[in-house]
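K.L.:
Sequence first, predicted model second:
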Amino acid sequence: MERRDFVEEQCIRPDDQRRTIFDAVFALGFPPNMKGFEYICQALALLESQAEPMFLITKDVYPRIAKINHVTAASVERAIRQCIGSMWELPQSVGHRQKIFCCVRRPSNKIVLSCLYEWIAAGRRQAWCGE
């Protein structure tokens, strides 16, 4: 079994929403072998499942992901931060970083999650409108 297949099996169930999230996060160069990759996918799925997503990352999203995975909220935050750091250091992710995150320095977890959420939502709007 390939690494990507294993990660998909663990992180993503075969529905369209989760598939889109996985593909977007993977395409941006986030390393799928890190636990933070799974947590980023879960965080984006949680944000999309809310009628009006509130980006209360520390008080809402991290504890919910921690409860699902039987870990602490601090370990979820740390794993996401390390995954972002690994992606940020990859030279092949520079083009995507400039398009989505619009910053030179590594952004915070909240900025990454909110930008990813908006980027995925914009892609869905384009797909629905046939653009």
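P.N.:
Arrived safely. Numbers count the residues shown, from 1 in each chain.

K.L.:
Now do P91 against L28, distance only.
P.N.:
Distance of P91 to L28, given as CB to CB, to the nearest Å: 14 Å. Using the backbone N, CA and C atoms, a C-beta is placed for each residue, glycine as well.

K.L.:
Could you check which of those two has the larger neighbour count?
P.N.:
L28 (20 against 7; other CB atoms under 10 Å).

K.L.:
now that one: how far from L90?
P.N.:
According to CB to CB, L28 and L90 sit 10 Å apart.

K.L.:
same deal with R78?
P.N.:
Relative to L90, R78 is positioned 19 Å away (CB to CB).

K.L.:
between the two, which one's more packed in?
P.N.:
Neighbours per residue, other CB under 10 Å: of R78 and L90, the larger number sits with R78, 17 against 14.

K.L.:
which SSE is that one in?
P.N.:
In this assignment (DSSP states H and E), R78 forms part of helix 73-89.

K.L.:
who's in contact with that helix?
P.N.:
Under the criterion CB atoms under 8 Å, 6 or more residues apart in numbering, residues 28-31, 34-37, 39-40, 43, 58, 62-63, 65-66, 69, 93, 97, 106-107, 109, 112-113 lie in contact with helix 73-89.

K.L.:
Let's see which of the residues you listed end up in helices.
P.N.:
Per DSSP state H, helices hold the following members of the contacts of helix 73-89: 35-37, 39-40, 43, 62-63, 65-66, 69, 97, 109, 112-113.

K.L.:
how long is stretch 64-79 end to end?
P.N.:
Stretch 64-79 has an end-to-end distance of 15 Å (criterion: CA to CA, to the nearest Å).

K.L.:
Let's test this: mean pLDDT of it, rounded?
P.N.:
For stretch 64-79, mean pLDDT rounds to 95.

K.L.:
Over to stretch 91-98?
P.N.:
The model assigns stretch 91-98 a mean pLDDT of 63.

K.L.:
cool, and stretch 41-53?
P.N.:
The average pLDDT within stretch 41-53 is 82.
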